[in-house]
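# Let's see this in three dimensions:
(chains A and B)
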Amino acid sequence: MTRVPGVAAQIRLVAGLRWRILRNGLRRKSNRLDLIGMIFAGIFAAFLIFGVSTGFFAGTRYFLTKGHASGIAFLFWAIFLCWQVFPVLVAGFGAAFEFRTLLRFPLSLRAFYLIGLAYGFADLSAVAGTCWMAAMLLATALARPLVLPLMIVLAALFLILNVTLERLLASWLERLFARRRTREIFLGLFVLAMISLQFVGPLLDRHGEAVRRFGSHFLVYLAPLPPSLAGRAISDSLQQEWTGVLASFAGLLAFAAAFSFLLWRRFSAQYRGEELSETFAPAQRPSKMTRQERSGADALGRLSPQVAAIVRKELRYLLRNGFALLSLLLPPVLVLVFSSPFAGSRPGPHRHALSPAVFFPAMMAYIVFILVTPAYNCFAFESRGIQSYFTAPLRFRHVFLGKNLVLALVVVFELALCITVFACATGLPPLPQFIATLVAILFVVAGQFAIANWCSLSFPRKLVFGQMRNQRQSGMAVLIAFGVQIVFAGVGAVILFAGRWTQDAWLPAEVFGMLSAVAILGYFASLDSLSELAEKKKEALIEALCR
Amino acid sequence: MPDFAISTEHLTRRFGALTAVDDIHLQVAAGQFFGFLGPNGAGKSTTIKMLTGLLAPSSGRVELLGLDFASHAVEVKRQIGVVPEGMGLFERLTGSEYLHFVGQMYGLDRATTQQRSAELLEFMQLADRPKTLIADYSHGMQKKLALAAAVIHGPRILFLDEPFEGVDALAAGALKALLGRMTARGVTIFLTSHVLEIVERLCSHVAIIDRGRLVAQGSLEELRAGVAMGKAGSATLEQIFLSIVGHDGERQPQLEELTWLT
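Model prediction:
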């Protein structure tokens, strides 16, 4: 019989496994290119974490030395919220690895639980939270050395509490998201919540005092929660109110015990072999044919059958992608939100209103960039279906035409909505600027399509509908999209301002008109080259999307 | 070579230092039910991908129905049907929508696509789930749908990579009957499978690939004749396969080496 390794050895094995998955992934050329993007993201994250750490250091020092020790609870709240909310929002930086796959090995439940906790410390938010906690400890050591022992115990308890809660939430979410429909509904709600956040600024501008009053009443209810308890333990210890310190510790221990108990139950269920897979919807009687199917009418009759088929398929995919569909609400909402503080007749306090001649093109450019970005990875949701494009009797130009046509329709629809909102909220700019902006959009969209199509072939990345975690675009594609959009924005801005400098109101429209013609010609000219490139890249494309 | 539905010359595919398919000359006559066999990693899927345009050969050429694949790709693809290794389905469509999509991709008019989709879904016993997305189909249901999509345009050659994997016995029986009728009407079927009994029952001709090289090709009778010498009675396909692929004994798993397990 073999000897089962100890828990520490198993944690080392899992860490080694994650490292090997990452290292082996870099053998692929596309992943090596991705690494560049990841390095940029890593540097950015490191700067962010260490930059914010100095803030935690300064904040802790200030609260401890200036007699505002109760304020330290805000720092605990910041760590707590970041640790618990960030993992849900951000895709994992680590290599894809299913924790539950470890269950096939001879692990005890205790080992499975401890490995689960250790695994939780590998999250970016956990690393950030730990660094910020260390900064608070350092500040405490310098400002109030006598409080340091208490702070160390408190920090250890707070870290364990946070990692336990994060794993608990993750396991609940995993259970919730095991079903596709639940995933998609949740994602839709999430997007709606994100869109709603855009209203926070304007609402605070207009109803700030009432919100602050409500907030101060609401804060009372946060007092019994872990971050507030941790903060109170520190402030009570400075005032030598040891009963309060003990009560806060007892509260924290009770939370830690409760979270640990719940997590133990969740992991026990997983350990026993909890089944989370999809179940089939009940069989239904065949529905009646739609009017279109009965009549055989074809609204896309002027397109070639292949392009029409792809357009239909893309529209169906759009309608079934809750995330994409809800994100279409974003542009008009953004116009509404930004028009309130920056433009129109009632700009926010302490701000100057921007004229529609400036605000309109700037806002439209921002919206177009948001809308066109998915084109840089236009095969993301094809999965194994990508093979159909290569086995069917068509040239790849048909695929791009179909996909670009649908995105162009979406852009037109969204812009129409946004212009309506503009007209109501701020008024439209003078006709020359209005026309120049529309023609500039034509130039930007056509120009970007050609580059985005090339990018989709060169740096494809599979994405899964309704999934938030581990959904990462190719780093190179993101960099290229970002760079291209900066260039287009720069060119557009220079041309628009050229109209002002020369005092020729129609000059930008004329220049954009010529550039648009060139961009459209370039787009159609690129399609054949892209068809050839697709043939060359088909192996990499199929491999990337069929994983 | 127009008499052959499928013909390859010096077909080779290299992945870096590895030669997955090495100088293959394959000839399949029109109307044959052709089985393509080989051990794991022998090069079966690589070959079928090159024959269907999913993978470019490193060298050599492929001719289907007398047309050079490289120079007449679209024309060739119009006349073939494929069930690729991963089935190639768009999982966010329903079965009916997917068949409509494929029908239109092959240039069928909407009425014909509509009629054929309905008949195929009925035949494959998929018609009772009109609103279920392919993502929610079982593996067997996806396989049946992939088969339906491969035949909707009435191909002259059908390439099937492990077509019966995960398909229940009832549906498999119906599918075999369908494929048999298609070959009777002159359709060429090129099939890979690890289940030798299925290949033996369905296929009239077989080729065996091993370590990237074609090591045997011919009718079942011809292959039997090659190995039946010295054996009593006619050899099964499994015996033929083992005698050709495992002939030197070094490929046979040696149980003696696993004494700690037995």
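
# got a list of contacts for stretch A:38-50?
With C-beta atoms under 8 Å, 6 or more residues apart in numbering or on different chains as the contact definition, stretch A:38-50 has outside contacts at A:Phe93, A:Leu124, A:Val127, A:Ala128, A:Cys131, A:Trp132, A:Gly475, A:Leu479. Quick note: C-beta positions are derived from backbone N, CA and C, even for glycine.

# Can you classify the last one by secondary structure?
Three-state assignment for A:Leu479 (DSSP: H, G, I helix; E, B strand; the rest coil): helix.

# who's in contact with the helix or strand B:Gly218 falls within?
Counting by DSSP states H and E, the element that carries B:Gly218 is strand B:213-219. By C-beta under 8 Å, 6+ apart, the residues outside strand B:213-219 that reach it are B:22-27, B:204-209, B:223, B:226, B:240, B:244-245.

# now do 10 Å
Here strand B:213-219 makes contact (C-beta atoms under 10 Å, 6 or more residues apart in numbering or on different chains) with B:8, B:11, B:19, B:21-28, B:32, B:34, B:36-38, B:42-43, B:47, B:203-210, B:222-227, B:240-241, B:243-245, B:247.

# If any of the residues you listed are buried, put those into a PyMOL selection.
Per 16 or more other C-beta atoms under 10 Å in any protein chain shown, the buried members of the contacts of strand B:213-219 correspond to this PyMOL selection:
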select buried, chain B and resi 8+11+19+21+22+24+26+27+28+32+34+36+37+38+42+43+47+203+205+206+207+208+209+210+223+224+227+240+241+243+244+245
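
# Which pLDDT value goes with B:Leu55?
What the model reports as pLDDT for B:Leu55 is 86.

# That one - that's part of a helix, no?
No. Counting by three-state DSSP, B:Leu55 is not found in a helix; it is coil.

# so which helix or strand takes in the nearest residue to it once chain neighbours are set aside?
In space, and not counting its chain neighbours, B:Leu55 is closest to B:Lys49: 3.8 Å by C-beta to C-beta, 6 or more residues apart in numbering or on different chains. Element membership for B:Lys49, per DSSP H and E: helix B:44-52.

# now that helix, how far from the centre of its chain.
In terms of C-alpha atoms, centre = their mean, to the nearest Å, the centre of helix B:44-52 is set 9 Å apart from its chain centre.

# If I take that helix and strand B:213-219, what angle do their directions form?
Counting by axes from the mean of the first three to the mean of the last three C-alpha atoms, to 10 degrees, helix B:44-52 lies at 70 degrees to strand B:213-219.

# Quick one: mean pLDDT for helix B:44-52?
On average, helix B:44-52 scores 91.

# just stretch A:533-546 next, same as before
Mean pLDDT, stretch A:533-546: 88.

# Tell me which residues of it come out buried.
So, applying 16+ other C-beta under 10 Å, buried residues of stretch A:533-546: A:Leu533, A:Ala534, A:Glu535, A:Lys537, A:Lys538, A:Ala540, A:Leu541, A:Ile542, A:Ala544, A:Leu545, A:Cys546.

# hmm, it in reach of chain B?
Yes. Residues of stretch A:533-546 contacting chain B under C-beta under 10 Å from any C-beta of the partner chain: A:Glu535, A:Lys536, A:Lys538, A:Glu539, A:Ile542, A:Leu545, A:Cys546.

# and the closest residue in space to B:Gly31 that isn't next to it in sequence, what element?
In space, B:Gly31 comes closest to B:Gly186 once its chain neighbours are excluded; the distance is 4.8 Å by C-beta to C-beta, 6+ apart. Counting by DSSP H and E, no helix or strand carries B:Gly186.

# wait, what's in contact with B:Gly186?
Per C-beta under 10 Å, 6+ apart, neighbours of B:Gly186: B:Ala5, B:Ala30, B:Gly31, B:Arg156.

# okay, now the third one: neighbour count?
For B:Gly31, the count of nearby residues is 17 (other C-beta atoms under 10 Å in any protein chain shown).

# what's the answer for the second one, then?
Residue crowding around B:Ala30 was assessed by other C-beta under 10 Å; the count is 17.

# how far away is it from chain A?
According to C-beta to the nearest C-beta, to the nearest Å, B:Ala30 and chain A sit 20 Å apart.

# The closest residue to that residue other than its chain neighbours sits in which helix or strand?
Once flanking residues are discounted, B:Ala30 sits nearest to B:Ala5: 4.3 Å by C-beta to C-beta, 6+ apart. Assessed by DSSP H and E, B:Ala5 sits inside strand B:4-15.

# Pull up the pairing partners for that strand, direction included.
As defined by DSSP bridges, the strand partners of strand B:4-15 come to strand B:18-24 (antiparallel), strand B:27-29 (antiparallel), strand B:59-64 (antiparallel).

# Farthest-apart pair in the contacts of B:Gly186, please.
The two members of the contacts of B:Gly186 with the most space between them (C-beta to C-beta) are B:Gly31 and B:Arg156, at 9.6 Å.

# quick revisit: residue contacts, the residue nearest to B:Leu55?
Applying C-beta under 10 Å, 6+ apart to B:Lys49 gives the contacts A:387, A:390-391, A:538-539, A:542, B:13, B:20-21, B:55-57, B:82, B:84-85, B:159, B:161.
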